[in-house]
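Asker: Give the three-dimensional model of this entry:
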Amino acid sequence: MTGNFHVRFLGEGACSNAASLPDNNGTAQGQAMAVLAAKARKVVLLTGTLMGGYADDLFFLLWRVLTRRMIEDGFEANRRGSLAPAALGFMREHGVLKDVFKEGDQGSHRTARGKKVTVHTKKAPGFGPKGIARYVLPYTVFLKLRDIGGDVLPPYEEQFVNTVMTQDQAERYEKMRSALVSEMKEALRKGDKTLLGVVLNVLLAWPDCAFREEAVKHPRSRKLLAYAPALFGDLEAAPKEQELIRLCRDQKSRGRKVLVYTIYTCVRDTTKRLKNLLQAEGFKASVLRSSVATDRREDWIMDQVDRGIDVLICNPDLVKTGLDLYDFPAIVFMQSGYNVYTVQQASRRSWRIGQKQPVDVYYLGYEATAQIDCLSLMAKKIAVSQSTSGDMPECGLDILNQDDDSLEVALAKRLAA
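Answerer: As a prediction, the model looks like this:
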């Protein structure tokens, strides 16, 4: 492949229908991009999500398109051809790494007591000003569609809706939280992290899934850790579901369709329940499932629109890339999940060139639950991502060097505090 030509890779911004910019290690898309970029004299890469909050989100992308500079700076493959040590070095120099030292008693010896020190390194969100100045600013143009002029995009607004649980729901939640956090603390004191994911998942999910009984068991011993009976009937809307119905009713009165995101589509399937609740209130609702092939989803959705649906319900992962959903100017997140990319991409499915109506995005969360902590931490991750993409948050550079953990670990710490 020779000659002078430009290679353009389109990422997921409001101006593109292509897949996300390839930046992960080992992906076929990333490797293909590196081969093509190496053969081209000039390369233009476009993306709407430059990073997800961590410095190593950028490492492999930079290594593939700025290989010479990265090698000059000492970031190169080792003798075995692995880039893992270089990625760690990049994180240590330009990102945020936390070294956790754990000292234990090795037991008695004849002349002294032995001590065993173990070190565990983990990454935290942030990308330092030095890295931005060296690798981002000289090669990046931060251009938003609003900068082009001509009102190519309509107004876009995000709102958080704080929802209060019923008294019985709140009491059950607090009882479950107390029991599970107590068990988790005891396990963590013993160095056992088995319950970490279990506790987080239950405390995040149960308020939205209180229509089914919840029996939480230890994943190994099968000991019953907590139990809650079903609190809501099949057509008895919980407070957050009532808020969803209110939002849908308001949007329908204005002639607008609603896209509803829920991450619970497997064991704790909420999609069918939401559809039944909305239909009972007079709405026409459909559920998009993963069984619909990726290349058929846009046509499937258009068929549903032609049939006159008011509400489309799905997991945000199913539509986060490659779709222009102009017919749904109102988007409601019943839950956000952990993934920054997913939230950023899914929230803009209808805010695309060609959209004529104002786009409203709503995030629903139950007051005084782990859901609020999750949304708060997600907001911090998005702030870091936006900072590196040219949108500085109100707190300025402080957000770039926050001493924070992964969202799951940070959430666990809040629960255990």
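Asker: Off-centre distance for stretch 89-96?
Answerer: For stretch 89-96, the gap between its own C-alpha mean and the chain's C-alpha mean amounts to 22 Å (C-alpha atoms, centre = their mean, to the nearest Å).
Asker: same thing with stretch 319-329?
Answerer: Between the mean C-alpha point of stretch 319-329 and the mean C-alpha point of its chain there is a distance of 17 Å (C-alpha atoms, centre = their mean).
Asker: what is the mean pLDDT for it?
Answerer: Across stretch 319-329, pLDDT averages out at 91.
Asker: Could you list the residues in contact with that stretch?
Answerer: Applying C-beta atoms under 8 Å, 6 or more residues apart in numbering, the external contacts of stretch 319-329 come out as 12, 17-20, 256-259, 288, 294, 297-298, 301, 305, 312, 341-342, 345-346, 349-350, 352, 354-355, 357-360. The way it works is simple: take the backbone N, C-alpha and C, and place the C-beta from them, glycine included.
Asker: measure it end to end?
Answerer: Taking C-alpha to C-alpha, to the nearest Å as the measure, stretch 319-329 stretches 15 Å from start to finish.
Asker: Could you pull out the buried residues of that stretch?
Answerer: Residues of stretch 319-329 classed as buried under the neighbour-count rule (16 or more other C-beta atoms under 10 Å) are 319-323, 325-329.
Asker: Throw the residues you listed into JSON lines and include distance to residue 192 and secondary structure, thanks.
Answerer: As requested, the buried residues of stretch 319-329 are arranged in JSON lines below (distance: C-beta to C-beta, whole Å; DSSP: H, G, I helix; E, B strand; the rest coil):
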{"residue": "319", "distance to residue 192": "38", "secondary structure": "coil"}
{"residue": "320", "distance to residue 192": "35", "secondary structure": "coil"}
{"residue": "321", "distance to residue 192": "38", "secondary structure": "coil"}
{"residue": "322", "distance to residue 192": "42", "secondary structure": "coil"}
{"residue": "323", "distance to residue 192": "42", "secondary structure": "coil"}
{"residue": "325", "distance to residue 192": "44", "secondary structure": "coil"}
{"residue": "326", "distance to residue 192": "50", "secondary structure": "coil"}
{"residue": "327", "distance to residue 192": "49", "secondary structure": "coil"}
{"residue": "328", "distance to residue 192": "44", "secondary structure": "coil"}
{"residue": "329", "distance to residue 192": "48", "secondary structure": "coil"}
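Asker: Looking at the residues you listed, which is nearest residue 37?
Answerer: residue 321 (21.1 Å; C-beta to C-beta).
Asker: And that closest one, how far from residue 360?
Answerer: In this structure, residue 321 and residue 360 are 21 Å apart, going by C-beta to C-beta, to the nearest Å.
Asker: do residue 144 as well
Answerer: Here the criterion is C-beta to C-beta. By it, residue 144 lies 19 Å from residue 360.
Asker: Who has more neighbours out of these two?
Answerer: Between residue 144 and residue 360, counted using other C-beta atoms under 10 Å, residue 360 has the larger neighbour count: 21 against 13.
Asker: Paired strands for the helix or strand where the more buried one lies, with orientation please.
Answerer: Taking DSSP states H and E as the definition, residue 360 sits inside strand 359-366. Under the criterion DSSP bridges, strand 359-366 sits next to strand 156-163 (parallel), strand 330-333 (parallel) in its sheet.
Asker: Please compute how far the longest one lies from its chain's middle.
Answerer: If you compare the mean C-alpha spot of strand 156-163 with that of the full chain, they lie 17 Å apart, counting by C-alpha atoms, centre = their mean.
Asker: ok, then the element right after it?
Answerer: As assigned by DSSP H and E, the chain's next helix or strand after strand 156-163 is helix 167-189.
Asker: and that following helix, which residues are buried?
Answerer: Neighbour-count burial for helix 167-189, with 16+ other C-beta under 10 Å as criterion, is recorded at 169-170, 172-173, 176-177, 180-181, 183-184, 187.
Asker: Now the two most distant members of those residues.
Answerer: With distance counted by C-beta to C-beta, no two of those lie farther apart than 169 and 187, which are 26.6 Å apart.
Asker: where in the chain is pLDDT low?
Answerer: For the chain, residues meeting the criterion pLDDT under 70 lie at 1-26, 48-49, 52-53, 105-114, 145-146, 148-150, 384-410, 412-413, 415-417.
Asker: sorry, back to before: please tabulate the buried residues of stretch 319-329 in a markdown table, including the columns distance to residue 366.
Answerer: What follows is the buried residues of stretch 319-329, written out as a markdown table (distance: C-beta to C-beta, whole Å):
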| residue | distance to residue 366 |
| --- | --- |
| 319 | 25 |
| 320 | 24 |
| 321 | 29 |
| 322 | 32 |
| 323 | 29 |
| 325 | 27 |
| 326 | 31 |
| 327 | 29 |
| 328 | 24 |
| 329 | 26 |
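Asker: Helices along the stretch 251-400 of the chain, start to end?
Answerer: Ranges of helices within the stretch 251-400 of the chain are 271-280, 297-306, 340-346, 370-388, based on DSSP state H, counting those that start in this stretch.
Asker: Could you export those helices to TSV, including columns for distance to residue 137 and mean neighbour count?
Answerer: As requested, those are arranged in TSV below (distance: least, C-beta to C-beta, whole Å; neighbours: other C-beta atoms under 10 Å):
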stretch	distance to residue 137	mean neighbour count
helix 271-280	44	18
helix 297-306	37	15
helix 340-346	22	22
helix 370-388	10	21
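Asker: Residue 85: which of those is closest?
Answerer: Closest approach to residue 85 among those is made by helix 370-388 (23.3 Å; C-beta to C-beta).
Asker: got the CA coordinates for the closest one in PDB?
Answerer: Provided in PDB are the C-alpha atoms of helix 370-388 (Å, rounded to 0.1, in the frame of the first residue of the first chain):
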ATOM      1  CA  ALA A 370     -26.100   3.200  46.500                       C
ATOM      2  CA  GLN A 371     -27.600   4.500  43.200                       C
ATOM      3  CA  ILE A 372     -26.900   8.100  44.200                       C
ATOM      4  CA  ASP A 373     -23.300   7.300  45.100                       C
ATOM      5  CA  CYS A 374     -22.900   5.500  41.700                       C
ATOM      6  CA  LEU A 375     -24.300   8.400  39.800                       C
ATOM      7  CA  SER A 376     -22.000  10.800  41.700                       C
ATOM      8  CA  LEU A 377     -18.900   8.800  41.000                       C
ATOM      9  CA  MET A 378     -20.000   8.400  37.300                       C
ATOM     10  CA  ALA A 379     -20.200  12.200  37.100                       C
ATOM     11  CA  LYS A 380     -16.600  12.400  38.300                       C
ATOM     12  CA  LYS A 381     -15.400  10.000  35.700                       C
ATOM     13  CA  ILE A 382     -17.200  11.900  32.900                       C
ATOM     14  CA  ALA A 383     -15.600  15.100  34.200                       C
ATOM     15  CA  VAL A 384     -12.100  13.600  33.700                       C
ATOM     16  CA  SER A 385     -13.100  12.400  30.300                       C
ATOM     17  CA  GLN A 386     -14.400  15.800  29.300                       C
ATOM     18  CA  SER A 387     -11.400  17.600  30.700                       C
ATOM     19  CA  THR A 388      -9.000  15.700  28.400                       C
END
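Asker: Noted, bye for now.
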